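*Asks:* Let me see the structure of the following:
(2 chains)
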Amino acid sequence: MPDELELFQGTLDVLILRALSHGPRHGYAVARWVEEGSDGTFRILDGALYTSLHRLEERGWVDAEWGISERGKRARFYRLTPAGRGELRKRIRNWDRYVVAVAKIMAAPGEA
Amino acid sequence: MGSSPPAWRRYLRFGGPDIAGDIQDELAFHVEERVQSLMETGLTAETARAQALAEFGDLATTRAELHAIDQRIHHRRTAREQLEVIGTEVRLAVRRLLRQPAFTVPTIVTLGLGLAATVIAFTLLQTIVLRPLPFAEADRLVSLSSPMPKLDDVWGIARHQLPYYKENVDAFEDMALYRAWEVTIPGEGTVRAERVLAASVSASIFSTLRIAPLHGRLLLPEDNIPRTASVVVLSHGYWMRRFGGDPSVVGRMFNIDGTTREIVGVTPPGAGLPDRQVDLWMPDHIDPAAQPQNNHVRQAVARLRPGFSARDAELQLVPVVARMDELFPSAYPNQWIRNSGFRTAVAPLQDDVVGASVTRSLWILFSAVCLVLVIAVANVLNLVMVRADGARRETAMRTALGASRRALAAHFLTEGVVITALAAAAGVGLTMVALRLIPALAADTLPRLSELRFSWQAGLLAIGIATTIAVIIGMIPMAHASADPQVLREGSRGLAGSRGRTAVRNLLVVGQVALTVVLLAGAGLLIRSGLRLRAVDPGFNPEGVVTLDLALSPVSYQGYVQTAALYRQLAERLERVPGVRSVGYAEALPLSGDLGCTGVATRGEAALGPRSRCIPLFHVSPGYFETMGIAVRGRTPTWAEVTQQAGGVVISPALAQRLWPDRDPIGQPIQCCSGTGWDRVVGVTGPVHGNSLDTPPGEIAYFPLVQPDSATTNNVPRNIHMVVKAPTLAPITVQRAVADALAELDPTVPASAARPMSELVAASMASRTLLLTLIATAAAMALILSAIGLYGVIAYVVGQRERELGIRVAIGASGRQIGALVMAHSLRLVGIGVAVGLAGAVGGTRVLQSFLYEISPTDPAVLAAVVCVVGALGLLASWVPTQRAIRTDPVITLRAD
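*Replies:* Numbers count the residues shown, from 1 in each chain, chains lettered A, B, ... in the order given. The predicted structure is shown next:
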């Protein structure tokens, strides 16, 4: 297993929004999606994940609702609002530009 | 952590969301899932739990953070929901109100007018009476005057009193003298010659009023020493108007009345004399070394030292004044101060500037308008009650269906707030418009109108009144709302519960009628007294007479010969204009308020003797009496006599009576202004009201333009009023004719615009007319409002008694009997209202006493007229509902069940 990387706050937000873009999920499902999707590269404290989820709710990007989990337990489900979907699109675009720009600088010849 | 939340916690949600519980549940679910999935990889329950908690991080901190976030979310959501609820209520209320224009329109109009009237009256009162004058620490400023009880007169202050009082009256921190008159600024290139108002002041006026220079310097005490001063200070307004605000004018020379003066400074915007704004400030000639004179014609203002009152200053002045006989024997021979009862009165400057009459008028107006507001509110209450009765079934239905009292209250309150907000908006709009119009309409009658603004206090008053009304309007339907489902079964038979409400309504109408009677009585008294005043014969005939002012330069017209010649030539040219009957000149016009006064005497009595009076005395030309239509017994001097200095004085009968009670005054010697030459009385006029129509025609002396004595020949007035009798010509035609004639004689002489003499007479009654107009408007509003109120109640009562009336008709009552029944109810209300109102009027109209001319505040004719008007309007208001009652068809009414 390679070293675990710390995530920046903004990055965690965009990962959560991405996780919810497939449909409503509860917090645990979001955590699992991030872990599995990154093959364990990112180490997210679950507490930070929940703080992030509630902040996104405060900003109006996600909505929360009580529902029943796959195993029949009462769980809080989050879903993207239209505003959240727009925010996700914007952040993906910015992310792409960021990655391309950083990659280009990194690929430039020089001391390694 | 249990697998499901305890059931009891759900009940907490009735008091709002359970934030802590929800967070607890959400995090417990997460940890539980994590534990499960770890156990599936083969860990024991304990290890799995430990690892799950470790992966979570600091549970307590997270919980606290989430709690804070969720609380913010909750608050925001609640606020939004409440706004939505209010928005919906308002929308519904507006829709309901729009559906009932018969209720909404009169309510908004009534309340809007009532509110506007109150706020306007308040703003006038606040601006003019309550707010301090626009000077620093204005409450320490006082005005001085010289009452002389034994001469029955009040004079101003003399020059020598300034240094004397400043030195000897401890209560005065500072003191100043001032006067104001018009001066001529000659034309320059394309700039026309103009007449401007100049203040002639002691230099101390600026320190007393705390005025600092905007540019250059103000006046210094040494500027007051020379006889003809060489400096002038510009007011901000004049500086902007004439010089476009150019600061380099300081140091420039400027021609005033033919004398060149240096502009030494500019005063800041708004700086003016206590009682008026001026264009120029010139130093008065006040030399402490000069010989004191008994010449009390200046106005005086003083600043009290902190801690001293006007009364203190007055007391300190008593011994100071008593020493004046001794200290200034040249001015006060023969113990004149003591013999005349001369003293110095000290009054707060504000009282002097605003005046008791204006203060009283505005308080009366404000009280009257408050009564109108009360009537307006009573009216609206009536409308609301009628409407609430109509909505009783609906309210009962809502209650039966489970609407809470709180929901109902919100419903009615919203309606009250919406309708009052609309009325308040209309009222404030109306106020703004009125406040812009008033300064132009009342410019000559009210002081301080340039300071008129919509103040925050007025805004607060409007909001306060509106809120009170909104709550009352909102609460009444609540009081009416019955939770008793019985109402639903009542049908049209329900009369029992309405008895109390009808009583309230009757009371409202009685109150309205009573207040209206009081206001009408006040208005009636003022109108009757105004009519009486108008019927007073002024002693001259203003019909067809126009007047304009001329101003001759003291430099070009130094000698009497030249001055009199110009007047004569101008008159002769004008008399040749077709339509002009006669032309004359006078130094002062009757009823114009600028008569001034001087002493006159006959042989054997000094002009300023203890028994002398200060009376209006002015120079008039031949043709004056003829033009003004003043009857003269004897004769008047001709132009030829004037040119030859032949003299000839015309006096009023009151003066003749005082000086020669037992002799024919014609031919008697007369002398003016102590020490000038003797002249002879040649004519006696009829009684002329000089100062005002409401004071008896007093003593006046008319001296010829040029007096025989060489010492006074150069006192020919150079600022003069021209009067022209030309009944068929418009004032503007006369003005053009004068301008044409002057263009040929001397184009440098400025002439003012022509005004009809009748306008001057009307202006002398303007302050009475203003109060009359305002009170009459208030009374008219009250009358209309209470008629509407009465109509509403009678119509309602007829509607309520329809069934009873139907039965009466069915058992044989005639239309006439039915009509009498309804009319009796109406007249009973009006009768009680009138009786109460009359009692109030007898007590209340006493406040008008000082405004009434030869009429008692309980004038029976006025009170009788008021009773008739209110009675007639009462009949009219109940006529329509009565007709409806007479047409009651028993079949229809009885079948309605």
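
*Asks:* which non-adjacent residue is nearest the residue nearest to the spatial centre of chain A?
*Replies:* Most central in chain A under Cα atoms, centre = their mean is A:L15, positioned 1.6 Å from the mean C-alpha point. In space, and not counting its chain neighbours, A:L15 is closest to A:V34: 5.3 Å by Cβ to Cβ, 6 or more residues apart in numbering or on different chains. Placement of C-beta: from N, CA and C, glycine included.

*Asks:* I'd assumed the one you found was in a strand, is it?
*Replies:* No. Counting by DSSP: H, G, I helix; E, B strand; the rest coil, one finds A:V34 to be helix, located in no strand.

*Asks:* Hmm, A:G47 and B:T61 touching each other?
*Replies:* Yes. Using Cβ atoms under 8 Å, B:T61 is in contact with A:G47, at 7.0 Å.

*Asks:* for B:E699, what are its contacts?
*Replies:* B:613, B:615-616, B:651-652, B:654-655, B:658 (Cβ atoms under 8 Å, 6 or more residues apart in numbering or on different chains).

*Asks:* For B:R76, see how far away it is.
*Replies:* In this view, B:E699 and B:R76 are 83 Å apart by Cβ to Cβ, to the nearest Å.

*Asks:* just to revisit the earlier point, now, the contacts of B:E699 that are in helices?
*Replies:* B:654-655, B:658 (DSSP state H).

*Asks:* burial measure for residue 27, as a count.
*Replies:* Here I'm looking at chain A. A:G27 has 24 neighbouring residues, counting by other Cβ atoms under 10 Å in any protein chain shown.

*Asks:* try again with chain B
*Replies:* Counted with other Cβ under 10 Å, B:L27 comes out at 21.

*Asks:* Can you read off the pLDDT for it?
*Replies:* You'll see B:L27 listed with a pLDDT of 91.

*Asks:* Show me which residues of chain B sit near chain A.
*Replies:* Residues of chain B lying close to chain A by Cβ under 8 Å from any Cβ of the partner chain are B:3-5, B:22, B:25-27, B:29-30, B:32-34, B:36, B:55-59, B:61-62, B:65-66, B:69-70, B:72-73.

*Asks:* Please identify which helix or strand holds the residue nearest to the centre of chain A.
*Replies:* If you go by DSSP states H and E, A:L15 is part of helix A:9-20.

*Asks:* quick one, what contacts B:S207?
*Replies:* B:S207 touches B:174, B:176, counting by Cβ under 8 Å, 6+ apart.

*Asks:* Tell me how far the nearest residue to B:L742 once chain neighbours are set aside lies from B:L197.
*Replies:* The shortest distance from B:L742 to any non-neighbouring residue, by Cβ to Cβ, 6+ apart, is to B:V749 (5.4 Å). Here B:V749 is placed at a distance of 19 Å from B:L197 (Cβ to Cβ).

*Asks:* Helix, strand, or coil at the closest residue to B:G114 other than its chain neighbours?
*Replies:* Nearest residue to B:G114 in three dimensions, chain neighbours excluded: B:A376, at 3.3 Å (Cβ to Cβ, 6+ apart). Put simply, B:A376 is helix when judged by three-state DSSP.

*Asks:* Quick one: list the elements packing against the longest helix seen in chain A.
*Replies:* Counting by DSSP H, the longest helix found in chain A is helix A:82-107. Judged by 3 or more Cβ pairs under 8 Å, 6 or more residues apart in numbering or on different chains; DSSP states H and E, helix A:82-107 is in contact with helix A:9-20.
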